[in-house]
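Asker: dropping the sequence and predicted coords here.
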Amino acid sequence: MHWSDKGKDAEKALSILDPIMDALSGNSVYREGALLFLLEILSANAKQERSERVLAELKKNWRDNPSLVAGTYYLIEAYSSSSKKEDLQRAGELVLAWIALPGANYEEAGPGVRLGLASILIDGGFAAEAAEMLAVAAEAASQTEEESLVIGVSYFRAKAANAAGKHRDALESLNTIIDRYGDETVNGSYNEAPFVFVQRAFAEMGLYKKDNSVQRLDSMSEDLKSALAILDQRRRSLVFAGGTTAVFERDYWSVWLQYMEVLKALNKCEDVVQLIRSRRLMVGDNTSSFAPEDLQARFDKLESECK
């Protein structure tokens, strides 16, 4: 009743479920089901410490059961929505554990599933493992005529190259995507469109650190503005439809942060201060927070440095 499609109230659901958990001891099928339900609620509400304890019990008593497959994935989703490095790393670790579970049927996974998992691996610092996963996805994608799948494989391979420090390879791949699918990318017609611009900016930053070319900073600024134009439109649509997600908010404000850091590097600190001030005023006053907590701390620091 308190955790269904009609509404989700974690505190009320837990207040009812916890006494039941106390009464269900041992390794009965009832406790297994209750643990999985508990893990779903905890993971959805970023209660990772307790979630890990529940997952450990599932792993101990029901290692070969579907509940461990589902429970592990709940926790993957929870960690991958964070912007903290250690959480993203844990998400990557759990992906590697998940694909090894017999019940996950990973070998039968289609290229779309592999792309999603590869993205989590890249964010978690497992670029080499992601590259292996993407190689299989690329082979499957080459046998289809799905444009979005072909673009997705190319994008994630470029993202993996960036993560591995191969910025020129990444830049070449991303330029190819934009040259080939220019209108679709600018208009945000496919899921990865804004992040193609973000990753191209990331590649330029990697090269900028080597050659200090101001032209690269200008290119980064333009790419990040293009990404934000798409993300702003998507965010408005999500808000109109009922609200955004934690993952979207993390990605959205991460791009804003990158853009402002580039402006600072271009000695446009006045613009940075004004942009941050306007974001604060949109949600309250001059001291209001507007981004996820860990990202907000970085915005605050950037504002202080620019003042």
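Answerer: Everything's here; your move.

Asker: hey, which helix is longest across this protein?
Answerer: Using DSSP state H, we find that the single longest helix of the chain is helix 214-241.

Asker: how about that one: buried residues?
Answerer: 216-217, 219-221, 223-224, 226-228, 230-231, 234 (16 or more other Cβ atoms under 10 Å). (Glycine included, C-beta is placed from N, CA and C.)

Asker: just checking, Glu139 is part of a helix?
Answerer: Yes. Residue assignment for Glu139, taken from DSSP: H, G, I helix; E, B strand; the rest coil, places it within a helix.

Asker: next one: it relative to Arg114, how far apart?
Answerer: Here Glu139 is placed at a distance of 10 Å from Arg114 (Cβ to Cβ, to the nearest Å).

Asker: of the two, who's got more company?
Answerer: Set Glu139 next to Arg114 and count neighbours by other Cβ atoms under 10 Å: Arg114 wins out with 25 against 11.

Asker: which residues sit in contact with that one?
Answerer: Each residue near Arg114 by Cβ atoms under 8 Å, 6 or more residues apart in numbering is listed here: 133-134, 136-137, 140.

Asker: do a quick rundown of the strands in this protein.
Answerer: Read by DSSP state E, the chain holds these strands, from start to end of the chain: 3-4, 7-8.

Asker: Thr176: how many residues sit nearby?
Answerer: In terms of burial, Thr176 registers 12 neighbours under the definition other Cβ under 10 Å.

Asker: does it touch Ser154 like I think?
Answerer: Yes. Using Cβ atoms under 8 Å, Thr176 makes contact with Ser154 at a distance of 7.1 Å.

Asker: Ala291 contacts Phe299, doesn't it?
Answerer: Yes. Counting by Cβ under 8 Å, Ala291 sits close enough to Phe299 to count as a contact (5.8 Å).

Asker: joint contacts of these two?
Answerer: Overlap between the neighbourhoods of Ala291 and Phe299 consists of 253, 257, 279, taking contacts as Cβ under 8 Å, 6+ apart.

Asker: sort out for me which of those residues are in helices.
Answerer: With DSSP H as the criterion, helices contain 253, 257, 279 from among the shared contacts of Ala291 and Phe299.

Asker: lowest average confidence, helix or strand, in this structure?
Answerer: strand 3-4 (a mean of 51; mean pLDDT, DSSP states H and E).

Asker: and for the residue nearest to Lys264 when sequence neighbours are not counted, the neighbour number?
Answerer: Spatial nearest neighbour of Lys264, excluding adjacent residues (Cβ to Cβ, 6 or more residues apart in numbering): Val272 at 5.5 Å. Burial of Val272 is recorded as 22 neighbouring residues (other Cβ under 10 Å).

Asker: over to the one 5 residues further on?
Answerer: A count of neighbours around Arg277, defined by other Cβ under 10 Å, yields 12.

Asker: swap in Gly188?
Answerer: Number of residues near Gly188 (other Cβ under 10 Å) recorded here: 18.

Asker: right, and it touches Asp232 too?
Answerer: No. Under the criterion of Cβ under 8 Å, Gly188 is not in contact with Asp232, lying 10.1 Å apart.

Asker: flag every buried residue along stretch 41-53.
Answerer: Burial within stretch 41-53, assessed by neighbour count using 16+ other Cβ under 10 Å, is assigned to 41-45, 47-48, 51.

Asker: can you list contacts of that stretch?
Answerer: Under the contact criterion Cβ under 8 Å, 6+ apart, stretch 41-53 has outside partners 3, 8, 10, 13-14, 17, 39, 54, 74-75, 77-79, 81-82, 87, 90, 246.

Asker: and the average pLDDT for it is what?
Answerer: In this model, stretch 41-53 carries a mean pLDDT of 89.

Asker: CA-only coordinates of that stretch in PDB, if you can.
Answerer: Extracted C-alpha coordinates of stretch 41-53, given in PDB (Å, rounded to 0.1, in the frame of the first residue of the first chain):
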ATOM      1  CA  ILE A  41      12.900   0.300  -0.900                       C
ATOM      2  CA  LEU A  42      16.300   1.000   0.700                       C
ATOM      3  CA  SER A  43      18.100   1.200  -2.700                       C
ATOM      4  CA  ALA A  44      15.500   3.600  -4.000                       C
ATOM      5  CA  ASN A  45      16.100   5.900  -1.000                       C
ATOM      6  CA  ALA A  46      19.900   5.900  -1.100                       C
ATOM      7  CA  LYS A  47      20.200   3.900   2.100                       C
ATOM      8  CA  GLN A  48      23.300   2.100   0.800                       C
ATOM      9  CA  GLU A  49      24.800   0.900   4.100                       C
ATOM     10  CA  ARG A  50      21.800  -1.100   5.100                       C
ATOM     11  CA  SER A  51      21.200  -2.200   1.500                       C
ATOM     12  CA  GLU A  52      24.700  -3.700   1.500                       C
ATOM     13  CA  ARG A  53      23.800  -5.700   4.600                       C
END
